[in-house]
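Asks: sequence-free structure coming up:
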């Protein structure tokens, strides 16, 4: 519910309400719309605000008593420019998979793994390691930033969102010895997301579909599988 003084949320059809502001400024809410599973609101004088992917809200029942992995929404394999938001610009996350999970208490070790239909682990993110670093660079048209390393998984009590760019490990380097970086995109299909928290494992399916614009241009699943075999072969031969 949008009010003159911000957003509120009810889990019992309006019997009780709780404040649900997140990082939204306290401002009158003039309209609300769910568009492609994203919550879009307009405000009085503060522009449009978007909450990406409300599937976690639909699955929420109560504060979890065990590690919980929410079923992720379908991800689209697309090539979209990613732009980190600033105080003056919006955040464009690109083509990603949102992996939401909840921890009932602080954990010692947490990992997220992507597993294919044959049971092969394609990508793993853990709470250990050095994490990522960001350095300033000069691009052709303007200054930019370059990231290195592999993102870490949060271990604190509460709900967390891990954003994955649908890429597999790339070529190893001095800054990415584990093969992070700009690896091949995942081939469309059905995969399993595996959350492991201090020895407890929870699974959820993840469906990845092809960008319909690419399909309209005649690109087939066989084309993408052949491309994937070529790219992974190059990485393995390096």
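Replies: Right, received. Where do you want to start? No experiment lies behind these values; they were computed from the predicted model shown. Numbering: from 1, shown residues only.
Asks: Looking at the top strand by length along the chain now, give me its mean pLDDT.
Replies: If you go by DSSP state E, the chain has its longest strand at strand 200-210. If you average the pLDDT over strand 200-210, you get 96.
Asks: which residues make contact with the next helix or strand after it from outside it?
Replies: The helix or strand immediately downstream of strand 200-210 is helix 212-216, counting by DSSP states H and E. Helix 212-216 is touched from outside by residue 78, with contacts defined as CB atoms under 8 Å, 6 or more residues apart in numbering. The C-beta positions use only the backbone N, C-alpha and C, and glycine is treated the same way.
Asks: Can you give the distance of helix 212-216 from its chain's centre?
Replies: 23 Å (CA atoms, centre = their mean, to the nearest Å).
Asks: Stretch 15-25 now?
Replies: Once both centres are worked out by CA atoms, centre = their mean, stretch 15-25 turns out to sit 23 Å from its chain's centre.
Asks: Next: stretch 183-203.
Replies: Centroid displacement of stretch 183-203 relative to its chain, using CA atoms, centre = their mean, is 12 Å.
Asks: Would you state the helices of the protein in chain order?
Replies: Secondary structure of the chain (DSSP state H): helices at 55-59, 212-216, 221-237.
Asks: closest one to residue 206 among the ones you listed?
Replies: Smallest distance to residue 206 across these (CB to CB): 11.8 Å, for helix 55-59.
Asks: Pick out the residue nearest the middle of the protein.
Replies: Computing the C-alpha centroid of the chain and ranking residues by CA atoms, centre = their mean puts residue 163 first, at 2.2 Å.
Asks: Any figure for the gap between it and residue 95?
Replies: Computed with CB to CB, to the nearest Å, the distance linking residue 163 and residue 95 is 11 Å.
Asks: Show me what the residue nearest to the centre of the chain is bridged to.
Replies: Each beta-bridge partner of residue 163 is listed here, defined by DSSP bridges: residue 98.
Asks: Please look at it and residue 112 and confirm they touch.
Replies: No. Between residue 163 and residue 112 there is no contact, the gap being 11.1 Å when judged by CB atoms under 8 Å.
Asks: So for these two, which residues contact both of them?
Replies: Between them, residue 163 and residue 112 have residue 99 as joint contacts when contacts are counted by CB under 8 Å, 6+ apart.
Asks: the bottom helix or strand of the protein by mean pLDDT?
Replies: For the chain, counting by mean pLDDT, DSSP states H and E, strand 143-149 ranks last in confidence among helices and strands (a mean of 62).
Asks: Now do the buried residues in stretch 211-225.
Replies: Within stretch 211-225, the residues that count as buried by 16 or more other CB atoms under 10 Å are 211, 214, 224.
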